[in-house]
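*Asks:* Coordinates only, no sequence provided:
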């Protein structure tokens with residue numbers, strides 16, 4: 001492991017640039033922070049360019065060795081310099097520069113449902129939605145232009161490693177996202193707090209593409225008019241709507257329940273051994 005002490009070092013400058021979307025777009029890389037995300041990156045064979053470890057931190061040797069074995073250039077830096085690389089309020093003792101994976105290609109679609117993010121603004125919600133999609137067995141997440149960057153540090157942290165396990169794609173607009181979904185045999189089902197069938201009564205079995213709308217305004221008119229179906233989460237209380245990530249989570253896990261219930265071989269509860 002080499003040691004860097006200067007903020008002017010080109011490796012440090014690269015890592016700093018990745019805190020901005022412009023820097024991530026130009027370099028084709030992004031940052032992941034913390035031992036869990038770094039371990040996930042190693043386990044799922046992500047292309048790790050650099051792994052930074054904070055001087056004086058405990059228990060970094062084993063993960064540093066794994067990162068080095070995976071091809072990463074491991075670097076030791078001081079606490080002050082490390083704090084300059086992290087955007088977290090309480091930085092964790094390690095972070096890594098990872099190359100972005102190739103974006104999802106339409107012709108490469110495999111089994112599984114999709115999640116389409118329609119102008120989701122909060123990076124934390126974006127990461128949480130990706131994590132939930134992975135947990136519910138969805139295979140692909142498509143971001144529509146106007147959605148927060150899935151590779152931002154906050155989104156990466158909130159995804160809890162799901163970025164490494166799920167296919168990611170981008171669509172310029174709602175029409176492009178729907179066209180891609182239908183080209184791969186997916187029905188387009190939009191979550192709409194103000195209309196549509198109850199998600200518990202709608203047929204959510206089989207592959208489909210679920211649209212999760214903007215936190216304040218919901219789905220766009222293009223999705224509302226172009227979707228094959230709209231669904232809502234019925235509520236007993238007086239709340240007007242649910243948080244976008246929570247509403248999508250309810251619908252995704254209802255879809256998982258329906259698909260598992262249709263296949264008795266999956267077990268009496270319809271879920272595997274993994275727990276949340």
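*Replies:* Received, thanks. In this text the structure is predicted, and so the values were computed from the model without any measurement.
*Asks:* Only C-alpha atoms from now on, for both contacts and neighbour counts.
*Replies:* Noted.
*Asks:* For the stretch 51-200 of the chain, which segments count as strands?
*Replies:* Using DSSP state E, counting those that start in this stretch, the strands of the stretch 51-200 of the chain run over residues 73-77, 94-99, 114-117, 140-144, 167-171, 187-191, 197-198.
*Asks:* Pick the most buried one from these.
*Replies:* Across these, averaging neighbours per residue (mean count of other CA atoms under 10 Å) puts strand 114-117 on top, at a mean of 28.
*Asks:* pLDDT on it, on average?
*Replies:* Averaging pLDDT along strand 114-117 gives 96.
*Asks:* And it, what does it pack against?
*Replies:* strand 140-144, strand 208-212 (3 or more CA pairs under 8 Å, 6 or more residues apart in numbering; DSSP states H and E).
*Asks:* List the beta-bridge partners for residue 230.
*Replies:* residue 190 (DSSP bridges).
*Asks:* so where do the helices sit in the stretch 51-200 of the chain?
*Replies:* Counting by DSSP state H, counting those that start in this stretch, the stretch 51-200 of the chain has helices at residues 61-69, 79-85, 123-135, 153-159, 174-183.
*Asks:* Could you export these as CSV, including mean pLDDT and distance to residue 250?
*Replies:* As requested, the helices of the stretch 51-200 of the chain are arranged in CSV below (pLDDT from 0 to 100; distance: least, CA to CA, whole Å):
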stretch, mean pLDDT, distance to residue 250
helix 61-69, 92, 35
helix 79-85, 91, 36
helix 123-135, 96, 10
helix 153-159, 95, 17
helix 174-183, 94, 21
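*Asks:* out of the strands of the stretch 51-200 of the chain, nearest to residue 26?
*Replies:* strand 94-99 (11.5 Å; CA to CA).
*Asks:* average pLDDT for the closest one?
*Replies:* Strand 94-99 comes out at a mean pLDDT of 95.
*Asks:* can you check stretch 40-59 too?
*Replies:* Mean predicted confidence for stretch 40-59 is 92.
*Asks:* So what touches it?
*Replies:* Residues outside stretch 40-59 that contact it (CA atoms under 8 Å, 6 or more residues apart in numbering): 60, 64, 66-67, 70-79, 82, 93-101, 161, 164-165.
*Asks:* Could you give me the buried positions within that stretch?
*Replies:* By neighbour count on 16 or more other CA atoms under 10 Å, the buried set for stretch 40-59 is 40-42, 46-55.
*Asks:* Format those as JSON lines; extra columns: distance to residue 204.
*Replies:* Compiled in JSON lines, the buried residues of stretch 40-59 are given as follows (distance: CA to CA, whole Å):
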{"residue": "40", "distance to residue 204": "30"}
{"residue": "41", "distance to residue 204": "32"}
{"residue": "42", "distance to residue 204": "34"}
{"residue": "46", "distance to residue 204": "32"}
{"residue": "47", "distance to residue 204": "35"}
{"residue": "48", "distance to residue 204": "37"}
{"residue": "49", "distance to residue 204": "40"}
{"residue": "50", "distance to residue 204": "42"}
{"residue": "51", "distance to residue 204": "42"}
{"residue": "52", "distance to residue 204": "44"}
{"residue": "53", "distance to residue 204": "45"}
{"residue": "54", "distance to residue 204": "47"}
{"residue": "55", "distance to residue 204": "50"}
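*Asks:* In contact with residue 145, which residues?
*Replies:* Contacts of residue 145 (CA under 8 Å, 6+ apart): 118, 119, 170, 171, 172, 173.
*Asks:* Buried residues of stretch 9-25, list them for me.
*Replies:* Those would be 12, 14, 15, 16, 17, 18, 19, 21, 23, 24, for stretch 9-25 by 16+ other CA under 10 Å.
*Asks:* hmm, which two among these are most spread apart?
*Replies:* 12 and 21 (16.8 Å).
*Asks:* Indicate which one of the strands of the stretch 51-200 of the chain is closest to residue 126.
*Replies:* strand 114-117 (7.8 Å).
*Asks:* Given the closest one, what are its sheet partners and their directions?
*Replies:* Strand pairing (DSSP bridges) places strand 114-117 next to strand 140-144 (parallel), strand 208-212 (parallel).
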